[in-house]
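*Asks:* Sequence first, predicted coordinates after that:
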Amino acid sequence: MAFGAAAVANGFSVLQACLLSLLTFSGASQFAVVGVIGAGGSSMSAIATASLLGTRNALYGVIMAPRLRVRGFKRIVAAQVTIDESTGVALGQEPRGIDAVKKGFWYTGFGVFIFWNLFTLAGALGAQAMGDVRSFGLDSAVPAAFLGLVWPRLTTRSERLLAIACAVFAVAVTPILPAGLPIIATAFIAIAVGLRR
Amino acid sequence: MTTFWIATLGTSAIAFALKYSGHSVPERWLSHPKIQRINALIPIALLSALVSVQSFTDKTALVIDQRIVGLAVAITALLLKAPFPIVVISAAVSSALVYNWF
């Protein structure tokens, strides 16, 4: 719901919001496209930011492929529903055997896909009917969604420090860098930290 | 094509390519510990930057407005272990109240 509303609040059409949920189908990436464009960024910086966030789905694919063992059309469908939730649930079923892993992946993947898309449509239509989105607090819903997405990932002290450093850095360089770049630039901080440790 | 269409379709194409490539490469390619670590850190960096940029900037200007209230409420909700929809809704409601009353 929040995504559909946020997309429309940032100038996307209802159709574009729904296509993002159907085709991109990765919450963080979708919010990133909408957020970067909403902040005045170019389509290229929006795509780059969203794609960097999408790289983790590639890694999930690597983890899931040997467990699912699917080919052809089934592999295409499996790829599309490879997200945080389906991978997480599937791996959580690991102690119960490979059939439970597969079941967990497919049920979660399809379940989230259906509800995510229905709620996107509802949110987009709702926001379209609103007019001034600020009087409904939608300008705060987007950063709150990002915060909700990053919060569970902050498990260690160094991860929390990285989060704060990147948040401060991005705001600090916003007046001097073209829109969208302050966000992508923080990916390089993450890479530098990852290589060093 | 408008910026919005390019962003929508470009993101979708790359998102699927990334997912599909993961299912198609040999497992050892991406199993290096440094790659794994960077892969975990990149979302943290980008999402944190998006939180602050979406809360404290307007185009290229730094601003403090009703969104700071929404952010504070969202942090409080997360500290109280509220589920995701509650975090988003409570931030929106508090921000809307401030925007409409002041």
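*Replies:* Noted; the coordinates are in hand. Here the structure is a predicted model, which means the values were calculated and not measured.
*Asks:* Pick out the residue in chain B sitting closest to chain A.
*Replies:* Chain A sits closest to residue B:22 of chain B, with a gap of 2.2 Å, by CB to the nearest CB. To be clear about C-beta, it is placed using only N, CA and C from the backbone, and glycine gets the same treatment.
*Asks:* Pretty sure residue B:97 sits in a helix.
*Replies:* Yes. Using DSSP: H, G, I helix; E, B strand; the rest coil, the secondary structure at residue B:97 is a helix.
*Asks:* Identify the residues contacting it.
*Replies:* By CB atoms under 8 Å, 6 or more residues apart in numbering or on different chains, the contact set of residue B:97 is residue A:137.
*Asks:* Can you name the element that comes right after the least confident helix or strand in chain A by mean pLDDT?
*Replies:* Lowest on mean pLDDT, DSSP states H and E among the helices and strands of chain A sits helix A:84-92, with a mean of 82. Counting by DSSP states H and E, the next helix or strand C-terminal to helix A:84-92 is helix A:98-128.
*Asks:* and residue A:65, what element?
*Replies:* Assessed by DSSP H and E, residue A:65 sits inside helix A:43-68.
*Asks:* do that helix and chain B meet at all?
*Replies:* Yes. For helix A:43-68, a contact with chain B is found by CB under 8 Å from any CB of the partner chain, at A:43, A:46-47, A:49-66, A:68.
*Asks:* which one is the residue of chain A found nearest chain B nearest to, not counting chain neighbours?
*Replies:* Using CB to the nearest CB, the closest approach of chain A to chain B is made by residue A:61 at 2.2 Å. Nearest residue to residue A:61 in three dimensions, chain neighbours excluded: residue B:22, at 2.2 Å (CB to CB, 6 or more residues apart in numbering or on different chains).
*Asks:* Give me the angle between the least confident helix or strand of chain A and helix A:43-68.
*Replies:* 20 degrees (axes from the mean of the first three to the mean of the last three CA atoms, to 10 degrees).
*Asks:* Give me the helices and strands touching helix A:84-92, please.
*Replies:* Counting contacts by 3 or more CB pairs under 8 Å, 6 or more residues apart in numbering or on different chains; DSSP states H and E, helix A:84-92 packs against helix A:43-68, helix A:98-128.
*Asks:* Identify the spatial nearest neighbour of residue A:109, chain neighbours not counted.
*Replies:* residue A:81 (2.9 Å).
*Asks:* I'd say the one you found and residue A:111 touch.
*Replies:* No. If you go by CB atoms under 8 Å, residue A:81 and residue A:111 don't touch, sitting 9.4 Å apart.
*Asks:* If you count surrounding residues, which of the two has more?
*Replies:* Neighbours were counted for residue A:81 and for residue A:111 using other CB atoms under 10 Å in any protein chain shown; residue A:81 has more, 20 against 14.
*Asks:* Can you give me every residue that contacts the more buried one?
*Replies:* For residue A:81, the contacting residues are A:25, A:105, A:106, A:109, A:110, A:112, A:113, by CB under 8 Å, 6+ apart.
*Asks:* Contacts only, for the first one.
*Replies:* The one in question is residue A:25. With CB under 8 Å, 6+ apart, residue A:25 has these contacts: A:80, A:81, A:83, A:113, A:116, B:15.
*Asks:* With the third one instead?
*Replies:* Applying CB under 8 Å, 6+ apart, one finds that residue A:106 lies in contact with A:81, A:86.
*Asks:* What distance do you get for it to residue B:17?
*Replies:* 22 Å (CB to CB, to the nearest Å).
*Asks:* again with the fourth one
*Replies:* With distances taken as CB to CB, residue A:109 is found 18 Å from residue B:17.
*Asks:* Looking at these two, which is more packed in?
*Replies:* Comparing residue A:109 with residue B:17 by other CB under 10 Å, the one with more neighbours is residue A:109, at 23 against 14.
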